[in-house]
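[1] Here you go, sequence then predicted model.
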Amino acid sequence: MGILTLLVFLPVLGAVVCLFVPKQQVRTVAVAFALATFVLSLSLFGTFFGGGEDSTEAIFGTQYGKLHHVERATWIEGKNFTVEYFLGIDGLGFPLFILTTLIAFLACLASWNFDRWKINKGVRAYFILFLLLETGMLGVFVSMDFFLFYVFWEVMLLPMYFLIGVWGGSRREYAAIKFFLFTLAGSVLMLVVLVAMYFYSDAPITAEMSRLGTEGIASGYRGEDVLISHGTFDLIELATNPVIQSYFAAKSTLFLGLKFAPVMFMLLFIGFAIKLPCVPVHTWLPDAHVEAPTPISMILAGVLLKMGGYGFLRLCYPIFPTGGERWAFFLAVVGVVSIIYGALCAMAQTDFKKLVAYSSVSHMGYVLLGIAVMTQAGFQGAMFQMIAHGISSPMCFYLVGVIYDRAHHREIDRFGGLWLTMPRYGTLATIGFFASLGLPGLCGFIGEIWVLLGTFGARDKYVWAVPMAIIAAGGVILTAGYILWLIRRVYLGQEREEYAGFSDASARETFVLIPMAVLAIAMGIFPMQTVFNYTNGTLDLMLAHVANATAMMP
Amino acid sequence: MYLLAQANAWADIPVGEHLFYFSPLIALVCTMLAIVACPIILGRGARTAAVVASLGVVATFVLALRVAGAVGDGGVSGLSTWIGGGILIADNLSVCFQIILMLFVAGVMWLWWLGSAEQERNAPEFFILLLGSALGMALMVSTVNLLMIVVAFEAASLPSYAFVGFDKRDRLGAEASLKYMVFGAICAAIMLYGASLLYGLVGSLSVVDVANYTVRHLAGGQAPILLWIALICFLSGIAFKISAVPFHFWCPDAFEGAKIEVTTWLSVVSKAAGLLLLARLATVFCTAVDYPVEMTLVRPLAWTIGIMAAITCTFGNFSAYKQQSVKRLLAYSSIAHAGYMLMAVAVFIHPSVEGHEAGLTALLVYVIIYMFMNLGAFGVTALVAWDTGSDKIESFTGLGRRAPWLAVPMIICLMSLVGIPPLAGFIGKWWILVALGSLHDTVGVQGWFSLSTLGWFLIIVAVLNTLFSLYYYLRVVVEMALKDEGQPRVRVPLGGAVLVNLCALALLGLFVLANPLKSTADRFSRDIFQATATLPAEPDSIASATDETD
């Protein structure tokens, strides 16, 4: 059993153990397993450490598609295709994988005071579902088979539904069902693509085989000879096999009378856009965030939203590069609208948590914009923005949760002067919100500036790139506006009578916040050492692959 | 003349070797006789009847497994020396259905034992009706003879009518039974009428001859309008069994009125038998002699069945939205699932062998998975209804706390019915989608009415229906997990909890073991009875016979 299988299914093992230990011990077991998963996942760093120009090639290969810790086994054999249990990790999945184990551990720790929640029944069920959710998330980032990817993608749904629906706030039922319906709507579109992938990858291979009279077509991109003789769900194969690629991109390949690649790209895009989320399919997010318990909000913001961005980068662009070219303007518009609209909405909120939720919509808009322009800085910035947001937004949500535990309300206007009352909490809160704001020196800045630079850099390709970049830069001002205004209203000002008795952040709360604060600063100061070194290799190769494919487009 | 020729076939006494292939059916009949004899000899105890019935079911199951090992190359057509005119067929499909049937009978008997055994005074009658309808359904899938199809159809239906109104003091059950019977009788009459018209046209009772006749006349471009009427009449009877829209009206009422064991029984096997019969007929038609590739029949027929399937599943899902009774909700859900399975049948009407093998595999996989899903869901409903006295959705409130060992399997079964991984329901749906995607015209017809358009249209309908259906299944889940009004705990008999949890485990297990499941279904969908394998003795005599009838 390889390290990835172990990591992905360790939380399931934890869930099984939770089933049998006494009720009082459940949270200990859950935290222990989350911690074990996190610590064990750190061992993956060994693979990606290197620095230096010469080792880049060894780590990331010379062409898109080099994977590490590969595990493959045949799972389902159809007539013309094989579904594989195929795990692997590269520069795209690796940082998100570590992020997931980290945030899951911190969120698990944030659930430690479960007994004192408003709804504190079913502690066993809560932690079991939590661990199952972690397995689903981890699986998504390492599955290299489309079918398996889809399965893990769906595995997350049910635990998330219950975690929001059972332990959420007053409108939890509504929020949970909305989350479920929106996400499932996205995944049924993905299911259509999944079925299409089977037939459309089989057709060219079979045709080519009969033309050449061979038994199979070797694909040499992974450094190993893989002989494929029929359709495949292998995400790397789909992206790099020239026979499949040229068939997908050909104008004559039709899906229900429409050109294949743009249609597939769009179906996948809608599915991932719901998860990301972009305007106008973002409406589930504020509801889900506001109703979900704090640790679940952390998971939602920290990891689940990243799956949308990961999906674009893993599926849409490498497999349908021509689709990306075709829809670039549309995607950029959606991204910019999300940035501006999310920021304006955030500015109008009176609910603390809802404000943070809308800020997520705004921040994820940068991810979409950066990806849409298909430049080096754009891709890198989008990836960085995902990781940065994966650190800063769980932190913000936890900060909201900490104060909610004491005040039992979230109305921004009723707070004030909290920094004086709770100095340690106030300091950490400032770091968290400034990171979210994108202050230079903190993590949010690098991602946004890289995306903006990438968008400007696309001006030779697209006439609309510069106006887009300018509008998106305006979003930064709006962000600064609502965050600074928020800090003024909540943390600064006169100390208030009603909050005078509040205790400062406890040791556990501080322990949850510190890692995120440290990372927020470290990523702002050492972007290369913390993120770029691990991701850029894969991203650049992917971009080269995409550019190559679009250049050859008929 | 021709009638006589057929009648001569009866004169030959079947050889013992052939009888072996029909031993499961014979065992089933013997079991029924034993249950009739039992009260006379041993008294009318529920226990006695149950033991005898169980023994019979086990014997039938074992025999079916043995036959499954023996058949495999095109099937055996027994009770006649002329192979094309056989009354009964034993092949992979029929044996597979018998195995599924016996597994399911065991499940239903288990459920009955938990719920009704104590106060039941009519146990022998219950088992006779159960096994009687099982026999009828087994026969439906084991024949290509028009007369035998009608007889088997009635043999399956008549016990079902009585079954629905089994509790004679229950007014709702009596009403449901009457509705079911009236509707069923009309459909059976229409079917019989269609069969007699077909006989009149073709001059033979064998579906093989009917298929050859149809194909030949269509290829010549001179199909009499009467042929279409006859075929439609005949197929409407099958649509009644499947409860495809617009022949579904009996389904919700009968399911709601009947005892829950009976509902469980009808919801799975009645549809499965109808679908597999349809699959068999489609196979015979597609393998008929001179079946031309560019057959004009293919597209209209595939489109008709496809549209019917699309309407059926959409209708079933939307009708389930407002239901207050979980039993009725599951009844509508079963209509929706009949729609999904009917989609697989649309694939059969495909000129290539791979086409209908893909469709049949998908159908068998789906039926097997569907059996576990429905047994689990109805089982939990039954256990809750017996304890609380109501199958209304309110009686499920807070079940997550009141009986976690019922709530968890219920959630698993319902989500599997939606078709969400990692549950087996998704695998069932996946193979149907794959089969639909493989639909295409062999002669490269393009455009909006091509078969590949139909396939993708049905795929989109199916995935959208997944989305629609989520909402009403979630209503039950919401009641169980998200609400709690402090009702007392539910007392669950241990056997009941074991049954439903086994079903849930099977759904998880079959997802992981998707490949063995597929290869099993593959094995049983290969080499089934085909028209080409059994050329009629004198092709010319058919033509002359039709001339006479014309």
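    On my side now, so go ahead.

[2] Point out where chain A drops to low pLDDT.
    Along chain A, segments meeting pLDDT under 70 span A:50-54, A:218-226, A:553-554.

[3] Output the set of residues of it in proximity to chain B.
    Counting by CB under 8 Å from any CB of the partner chain, chain A comes close to chain B at A:74-79, A:121-122, A:125, A:150-151, A:154-155, A:157-158, A:162, A:165-166, A:172-173, A:176-177, A:180-181, A:184-185, A:188-189, A:191-192, A:195-196, A:198-199, A:255-257. Every residue, glycine included, has its C-beta placed from N, CA and C.

[4] Just the ones of those in strands?
    Among the residues of chain A next to chain B, the residues falling in strands (DSSP state E) are A:T74, A:W75, A:I76, A:E77, A:F255.

[5] can you tell me the helix or strand for whichever residue of the stretch 151-300 of chain B sits closest to chain A?
    Closest contact between the stretch 151-300 of chain B and chain A, by CB to the nearest CB, is at B:R299 (16.8 Å). Take DSSP states H and E as the rule and B:R299 turns out to sit in helix B:298-320.

[6] What helices and strands are in contact with that helix?
    The criterion is 3 or more CB pairs under 8 Å, 6 or more residues apart in numbering or on different chains; DSSP states H and E, and the helices and strands that helix B:298-320 contacts are helix B:326-348, helix B:451-477.

[7] who does the longest one touch, helix- and strand-wise?
    This means helix B:451-477. Contacts defined by 3+ CB pairs under 8 Å, 6+ apart place helix B:451-477 against helix A:172-212, helix B:298-320, helix B:326-348, helix B:404-418, helix B:424-437.

[8] what's the closest of the ones you listed to A:T530?
    With CB to CB as the measure, helix A:172-212 is the member of the helices and strands packed on helix B:451-477 nearest A:T530 (30.3 Å).

[9] how far out from the middle of the chain is that closest one?
    Distance of helix A:172-212 from its chain centroid, counting by CA atoms, centre = their mean, to the nearest Å, is 19 Å.

[10] same thing with stretch B:408-415?
    23 Å.

[11] What lies in contact with that stretch?
    Under the contact criterion CB atoms under 8 Å, 6 or more residues apart in numbering or on different chains, stretch B:408-415 has outside partners A:158, B:372-374, B:376-377, B:380, B:396, B:399, B:423, B:425, B:473, B:476-477, B:480-481, B:500-501, B:503-504, B:507-508.

[12] re the thing from before, A:K66: which of the helices and strands packed on helix B:451-477 is closest?
    helix A:172-212 (21.0 Å).

[13] before we move on, which element is A:E84 in?
    Counting by DSSP H and E, A:E84 is part of strand A:81-89.

[14] What lies in contact with that strand?
    A:2, A:4-5, A:8, A:44, A:47, A:67-77, A:97, A:141-145, A:147-148, A:198, A:201-202, A:230-234, A:236.

[15] relative orientation of it and helix A:172-212 in degrees?
    Following axes from the mean of the first three to the mean of the last three CA atoms, to 10 degrees, one obtains 110 degrees for the angle between strand A:81-89 and helix A:172-212.

[16] Alpha carbons of strand A:81-89, as PDB, please.
    C-alpha atoms of strand A:81-89 as PDB (Å, rounded to 0.1, in the frame of the first residue of the first chain):
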ATOM      1  CA  PHE A  81     -12.500   1.200 -21.300                       C
ATOM      2  CA  THR A  82     -10.900   0.600 -17.900                       C
ATOM      3  CA  VAL A  83     -11.600   2.400 -14.700                       C
ATOM      4  CA  GLU A  84      -8.500   2.500 -12.600                       C
ATOM      5  CA  TYR A  85      -7.700   3.100  -9.000                       C
ATOM      6  CA  PHE A  86      -5.100   5.500 -10.000                       C
ATOM      7  CA  LEU A  87      -3.500   7.900  -7.400                       C
ATOM      8  CA  GLY A  88      -0.600  10.200  -8.000                       C
ATOM      9  CA  ILE A  89       0.600  13.600  -6.900                       C
END
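
[17] tell me the contacts of B:V210?
    B:V210 neighbours (CB under 8 Å, 6+ apart): B:L146, B:L198, B:V202, B:S204.

[18] Just want to check the distance between it and B:N145.
    For B:V210, the distance to B:N145 (CB to CB, to the nearest Å) stands at 10 Å.

[19] How about A:F38?
    Look at A:F38 and B:N145: by CB to CB, they are 67 Å apart.

[20] And those two? Which one has more around it.
    Neighbour tally, A:F38 and B:N145, criterion other CB atoms under 10 Å in any protein chain shown: the higher count belongs to B:N145, 25 against 19.

[21] partners of the more buried one in the sheet?
    B:S206 (DSSP bridges).

[22] Does it touch B:L205 like I think?
    Yes - at 5.2 Å, B:N145 and B:L205 qualify as touching, with contact defined as CB atoms under 8 Å.

[23] what's the burial count for A:L40?
    Based on other CB under 10 Å, the number of other residues close to A:L40 is 14.

[24] How about the contacts made by it?
    The contact partners of A:L40, by CB under 8 Å, 6+ apart, come to A:I3, A:L6, A:L7, A:L10.

[25] Tell me which of these fall in helices.
    Counting by DSSP state H, these place A:I3, A:L6, A:L7, A:L10 in helices.

[26] of the ones in strands among the residues of chain A next to chain B, buried ones?
    For those, a burial check counting by 16 or more other CB atoms under 10 Å in any protein chain shown picks out A:W75, A:I76, A:F255.

[27] circling back: redo the helices and strands packed on helix B:451-477 as CSV? Include distance to B:A514 and mean neighbour count.
    What follows is the helices and strands packed on helix B:451-477, written out as CSV (distance: least, CB to CB, whole Å; neighbours: other CB atoms under 10 Å in any protein chain shown):
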stretch, distance to B:A514, mean neighbour count
helix A:172-212, 14, 20
helix B:298-320, 22, 21
helix B:326-348, 16, 27
helix B:404-418, 13, 25
helix B:424-437, 5, 27
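
[28] Please tell me how far the residue of the stretch 301-450 of chain A at minimum distance from chain B sits from B:I99.
    Taking CB to the nearest CB as the measure, the stretch 301-450 of chain A has A:M307 as its residue closest to chain B, at 15.4 Å. Remark: distance between A:M307 and B:I99 (CB to CB) = 42 Å.

[29] contacting residues for A:G91?
    With the criterion set at CB under 8 Å, 6+ apart, A:G91 makes contact with A:F48, A:I59, A:F60, A:Y534, A:T535, A:N536, A:G537, A:T538, A:L539.

[30] and those as TSV, adding neighbour count and secondary structure?
    What follows is the contacts of A:G91, written out as TSV (neighbours: other CB atoms under 10 Å in any protein chain shown; DSSP: H, G, I helix; E, B strand; the rest coil):
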residue	neighbour count	secondary structure
A:F48	21	helix
A:I59	20	helix
A:F60	25	helix
A:Y534	26	helix
A:T535	25	helix
A:N536	20	helix
A:G537	24	helix
A:T538	25	helix
A:L539	24	helix
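
[31] Please consider this matter closed, and thank you.
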